Every structure is written in C-alpha cells, then in structure tokens.
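Asks: Predicted model and sequence follow; I will ask about them next.
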Amino acid sequence: MSEPGREELLHAELDGTASAADSARLRSLLEEEPELAARLEALRRASGELERAERLEPPPELLEGVMAAVRERSRAEAVRPGWLEALRGLLAPVPLAACAAALLVGVVLGVLLPAGFGASPAERESLSGTALPHGRLGESADARSVAFRTWEVSGEATARRAGELLVVEVRLDARRPLEVRLVLDGAEVRPRSFERVGSGEADVVMGRGEVRIAHPGGAGRYRIGLEVGPRSAGAVRLFLGDRESGALPFGRMGR
Amino acid sequence: MSRDESDAELARRCVGGDPEAFRPLVERYQKVLYNVAYRMVHDREDARDLAQGALVKAYRKLGSFDPERPFFSWLYRILVNDALSFLEKRRPTAPLEAERDAGAPGGPHEELERRERERRIQAALRELAPDSRQVIVLRYFADLSYAEMSEVLAIPEKTVKSRLFTARQRLAGSLGGEVSR
C-alpha cells in the first residue's frame, strides 16, 4: 500500500483515523515544515469551531407533523386495504391443510380433465407457464411495449392482445426490492391469472383495477393475463415504486 | 416495544401496516436531520420543512428500502437530495438566520460569544458550494465516516475525501485564521 500524501495525513490526523506510523511521520514532517504545522493548526481551529457549533433541538411540531402525515397516509391505505395486508387477510382464515387439499384436488383435476377444458387455446398457451410464442401470438395481437431504465431498475413491459385476453409481460432487473404496479385503465378489464418466472418469492396481488407485484430484487419475469371485453379499449399503466414508467395502450377488437 | 428495536425491524413493522412503528424512527433521527438541513439552508423553518418532508417521503417509500443497508444513510440521502433541490430553487439572498437569532440561554457574554460563533460558522458554510457544504455538514453534524458519506451521496469514497479536504481548506481560511483563543 502506498504511503498517504501530506494532505491525507493532515485530514486523517483531524479525523482521528491516522495510524500510529502515520502520526509519527506527520509529527516528523511538522517539525521540518513550519508552514505545514501552520496549516494543520488552521484546520484544527476550523474543525474545532464546527465541533463546538450549536446542535439545535428540533421543534416539537416536526415529530407531530410527520406522525400526522403518516397516520393520514395509513388511513388512506386502509380505505384501499394495504395489499400485503389484504393478501394476509385472504390467506389467514384458510388452514394449511385446506390449502394442501385444494392443491391436491387441482392437480388431480388437471390430470383427469380433457385438454381444452375451460380456457381457450390462446389463453392456455399464454398462461400455462411455457414461453410466450412471439410469432404465433404476435400475428393476431395488438402488441405494445415500453422499456424503462433507472439506476435502480431496468427492463421492459409488453402487452399483447389475443381475442379477449390481454397478456402483459414484465421483465425487469432491479438492484433492490421494488413494488411493480399495473393500473388498468378502461372498462371491462379484469385480472385473470399470473405467472412468475424466476421470482418465486414475489407476492402478486390481483385486485380490481390493478395488479401489484412485490418484486424481491434481482432479475424477474411476470406474465399477467387480463380479461378484456371485445369492445374494451384502454391502457395498462406501469408504475415502478411511486413513479409511472409508461403505458401500454390496447384497442378494441375487430378494427 | 423494545427500546433498541432495530431500524430495519421498525421499518418492517411500518410496511406491515403499523404506522406507529415509525415514531421511534422519527425520534431517533429527527435531530440530526434537522441540524443537517439547518446547516444546509440556514433557516429554521425551512430546515423543519425539509426534515419533515424527508421523513414523510421515507415513510411513503419504505417498501423500496433495502433492510440489508443502513436505514440512516437511505434517510439522509433523501434529505440531502431534497436540500440540494431546495437550494437550487431558492434565491441566494436570504438573510443569515444567526443575525436575527435571539433569546438563547446563557449570560450576556456567553450569549454574545455563541452568537458570534454561529454567525461565523453560518457565513463560512454559505461560502461553500452546495456539494462541498454537504460533505462538511454530514461529517460534522451527522458524524458520518467517509464510507457512510459515500453511501449517502452515491459517490466514490475518493471523491468524498477530495471534496472534504477542499472544503476544510476553505473553512480553514475563513474560520481557522480568525480564532486567536
């Protein structure tokens, strides 16, 4: 490791971070160079002034003002229940054994029921968990995409319409945990299903008019199936944290 | 509530729907935030508004707080960014608050000395460019290390040191030479 320069020695001395060897070296330099000693003295005086400066007590209204704003926000969120709480509320009354039983029934039905039961082929294709076939779906789809990049997150969201199904796919890579929100603008738009790819820990809540994803950070891909009426047109607005990061418009069928 | 409940634990409770868990966080950090803001903008009312704004913003953004990182550096970053935006918008002709400050405790001599020191410090800080001022304020009024300042300001530690050294040198000119005691 190289020796610290004089400047660094002076400031390390001021900050109390100089090693014993550096302090000894500085003392030797100070004896040889009176101007360096004068500089250190001036720096010490200035530092001392700042250290003795008054520390003000915050006014009492600061704490109360913050807590009033916090409670207000909390009440507003209670009107539209906090989504994590809502999820807990939904799951809390359901015993674990019932969840396991429901899962088992689902698996058995999945094996026994004939292919094509319930969902349309396009719907099954896009929601089954296999890769979305760009070419095949793209031919009949009204596809839009929006890319986003900040220092915290980058990625892309794409929407493809196939009949009465709108599939929104969000791919992102985030440095930190991040809430992703899809706000559904337009009549007759209802969340139908979702799929997580490589983001198993993420909580996804599909509510009326919006879908919320608690992305845990890192790379992730989410595919959301939305049911849209044949005459419905509108947009899916994408929010990353508090910030709106783009919109994915979709049109009516049969234009 | 445990007295030494960690910042991350309190933040987690807030996100989980307990807004009162935010109170200890405010109590813990309001003094530093207020003093940092005051030394940045030199006005107590503006400092109160900035500190309050930063805390409310932090509460709103708690969902994006990474509990693996220190809460205070995340919080200070919000404040410092807001203070810099505030300084950019404000006209640079606001009077020094120390000049109109009055009524602090202490005898007449101590009071005069205190006011004179405050006037000198505020005048010296005002002479610094905002990015130099913020490193001085974080070092002396938030007691942050180089590494912590680097985290708060999102700049390399080397840049922190360079800014701090330059700022101190300027302060030595305005504060260091005037004191004979």
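Replies: Nice, thanks for sending it over. Here the structure is a predicted model, which means the values were calculated and not measured.
Asks: can you give me the strands for chain A?
Replies: Using DSSP state E, the strands found in chain A span residues A:144-149, A:153-162, A:165-174, A:178-185, A:189-197, A:203-207, A:210-215, A:218-228, A:234-240, A:243-250.
Asks: As a markdown table, these with distance to residue B:14 would be great.
Replies: For the C-beta atoms, the positions are set from N, CA and C on the backbone; glycine is no exception. Listed next are the strands of chain A as a markdown table, based on distance: least, CB to CB, whole Å:
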| stretch | distance to residue B:14 |
| --- | --- |
| strand A:144-149 | 27 |
| strand A:153-162 | 22 |
| strand A:165-174 | 21 |
| strand A:178-185 | 14 |
| strand A:189-197 | 26 |
| strand A:203-207 | 17 |
| strand A:210-215 | 15 |
| strand A:218-228 | 24 |
| strand A:234-240 | 20 |
| strand A:243-250 | 21 |
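Asks: Same list (those strands) but as CSV, adding mean neighbour count and distance to residue A:54.
Replies: Formatted as CSV, these follow (neighbours: other CB atoms under 10 Å in any protein chain shown; distance: least, CB to CB, whole Å):
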stretch, mean neighbour count, distance to residue A:54
strand A:144-149, 15, 45
strand A:153-162, 21, 42
strand A:165-174, 22, 42
strand A:178-185, 20, 40
strand A:189-197, 18, 54
strand A:203-207, 17, 47
strand A:210-215, 22, 44
strand A:218-228, 20, 46
strand A:234-240, 20, 42
strand A:243-250, 17, 39
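Asks: close enough to count as contact, residue A:6 and residue A:35?
Replies: No. The pair residue A:6 / residue A:35 is not scored as a contact, 10.9 Å apart, by CB atoms under 8 Å.
Asks: Counting neighbours, go ahead and name the busier of the two.
Replies: residue A:6 (15 against 8; other CB atoms under 10 Å in any protein chain shown).
Asks: Compile the strands of chain A into JSON lines and extend it with columns for distance to chain B and mean pLDDT.
Replies: Below are the strands of chain A laid out as JSON lines (distance: least, CB to the nearest CB, whole Å; pLDDT from 0 to 100):
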{"stretch": "strand A:144-149", "distance to chain B": "15", "mean pLDDT": "85"}
{"stretch": "strand A:153-162", "distance to chain B": "10", "mean pLDDT": "86"}
{"stretch": "strand A:165-174", "distance to chain B": "9", "mean pLDDT": "88"}
{"stretch": "strand A:178-185", "distance to chain B": "5", "mean pLDDT": "87"}
{"stretch": "strand A:189-197", "distance to chain B": "18", "mean pLDDT": "77"}
{"stretch": "strand A:203-207", "distance to chain B": "11", "mean pLDDT": "75"}
{"stretch": "strand A:210-215", "distance to chain B": "8", "mean pLDDT": "85"}
{"stretch": "strand A:218-228", "distance to chain B": "12", "mean pLDDT": "85"}
{"stretch": "strand A:234-240", "distance to chain B": "9", "mean pLDDT": "88"}
{"stretch": "strand A:243-250", "distance to chain B": "10", "mean pLDDT": "84"}
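Asks: looking at these, which is closest to residue B:108?
Replies: strand A:243-250 (54.1 Å; CB to CB).
Asks: Any idea how many residues pack against the residue of chain A at minimum distance from chain B?
Replies: Nearest to chain B, among the residues of chain A, is residue A:42, at 3.3 Å (CB to the nearest CB). Residue A:42 has 20 neighbours, counted by other CB under 10 Å.
Asks: cool, and residue A:19?
Replies: 10.
Asks: where's it relative to residue A:33, distance?
Replies: 20 Å (CB to CB, to the nearest Å).
Asks: next one: residue B:130
Replies: Taking CB to CB, one finds residue B:130 at 33 Å from residue A:33.
Asks: domain ranges for chain A?
Replies: A:6-52, A:62-112, A:123-250 (automatic domain parsing).
Asks: The residue of chain A closest to chain B is in contact with residue B:174, isn't it?
Replies: No. Applying CB under 8 Å as the test, residue A:42 and residue B:174 come out as separate, 10.1 Å apart.
Asks: Neighbour count for residue B:130 and residue A:33, which is higher?
Replies: Legend: neighbour count by other CB under 10 Å for residue B:130 and residue A:33, higher for residue B:130 (15 against 12).
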